[in-house]
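>>> fold the stuff below for me.
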Amino acid sequence: MQLPLLVARHDNRGPDVRLWCLALAQIPLAPMLARISDAERQRAGRFGRRNDFERFVKTRGALRSILAACTGAPARSVDLIESEGRKPQLRRNPHGLHFNVSHSADYALIGLGWRPLGIDIECVRTDIDWRPIAAMSFHPRERAAFDGPLMIAPTETFFQIWTHKEAYLKAIGRGVTIDLSSFATDPGGGPVSDGSEGASAPWFTHALAAPAGYKAALATSLRQPEVRDMTPSFAGFAPFP
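As a prediction, this is how the structure comes out:
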């Protein structure tokens with residue numbers, strides 16, 4: 001998965017956001033299982049389906065591997081807690097790291113940087129009727145995206161908008177505790193229009209390149225972040241500067 005470099009930076013931290021898009025089938029289960037905590041093992045054991053169990057273990061193990069490389073702590077010892085919106089974060093964070101995780105079907109997406117961020121990846125499903133979901137959960141401006149005369153891929157547009165909305169909600173740490181139709185995003189990215197109580201501004205979403213059959217998005221406070229695809233270096237877990 002090749003992710004766009006949106007703008008150059010000139011400081012010693014490198015890119016604003018680093019992303020790993022991981023094909024879960026290529027990640028061995030046993031090493032990831034050894035890197036997660038006892039509480040995470042118990043949580044994984046409560047999944048009823050084997051696919052869900054493996055998806056969680058591999059995704060959380062990969063996250064811990066990346067955080068271990070960034071912090072210098074052993075992967076299993078990285079002290080993770082969940083915010084009120086179930087967003088994972090470091091209990092002690094002297095490096096000021098922010099990260100977010102998403103997974104769908106065969107892929108996991110992990111983002112890391114020095115500002116709050118949210119990411120989402122979704123498998124484009126053609127077996128569901130997305131229209132009632134859009135009617136209930138999309139802002140009128142988002143629903144208007146389906147009315148144009150040149151609309152030729154409405155299902156893909158629905159999932160792209162959905163990833164923008166999910167990424168934004170994860171960035172602000174509020175999950176689905178607010179009315180999804182109360183804020184508007186754009187399929188191509190741009191500023192988020194949010195009039196809900198407690199909304200902080202400004203936030204921007206950015207459409208990301210994704211594997212075939214998937215849509216992905218990033219939400220951040222930066223209008224033009226530099227985004228670097230770190231997927232090929234996952235095996236080496238290269239630390240941040």
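>>> my guess is Ala210 meets Asp229, correct?
No: if you go by CB atoms under 8 Å, Ala210 and Asp229 don't touch, sitting 11.2 Å apart. For glycine as for every other residue, the C-beta is placed from the backbone atoms N, C-alpha and C.
>>> between these two, which one's more packed in?
Applying other CB atoms under 10 Å to Ala210 and Asp229 shows that Ala210 carries more neighbours, namely 24 against 18.
>>> for the closest residue in space to the more buried one that isn't next to it in sequence, which residues are in contact?
Residue nearest to Ala210 in three dimensions, not counting chain neighbours: Ala216, with 4.0 Å by CB to CB, 6 or more residues apart in numbering. By CB atoms under 8 Å, 6 or more residues apart in numbering, Ala216 lies in contact with 21, 102, 109, 119-122, 163, 207-210.
>>> tell me where the model's unsure across the protein.
Residue ranges of the chain with pLDDT under 70: 1-14, 84-85, 148-151, 175-177, 196-201, 235-241.
>>> before we move on, back to that, whichever of the contacts of Ala216 end up buried, select them in PyMOL.
Burial among these is assessed by 16 or more other CB atoms under 10 Å; the matching PyMOL selection reads:
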select buried, resi 21+102+109+119+120+121+122+163+207+208+210
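>>> and the strands in the protein?
Remark: strands assigned in the chain by DSSP state E are 17-23, 80-82, 88-90, 98-104, 107-113, 117-123, 183-184, 189-191, 193-194, 204-208, 214-220, 227-229.
>>> winner for burial among these?
Of these, the one with the most neighbours on average (mean count of other CB atoms under 10 Å) is strand 214-220, at a mean of 27.
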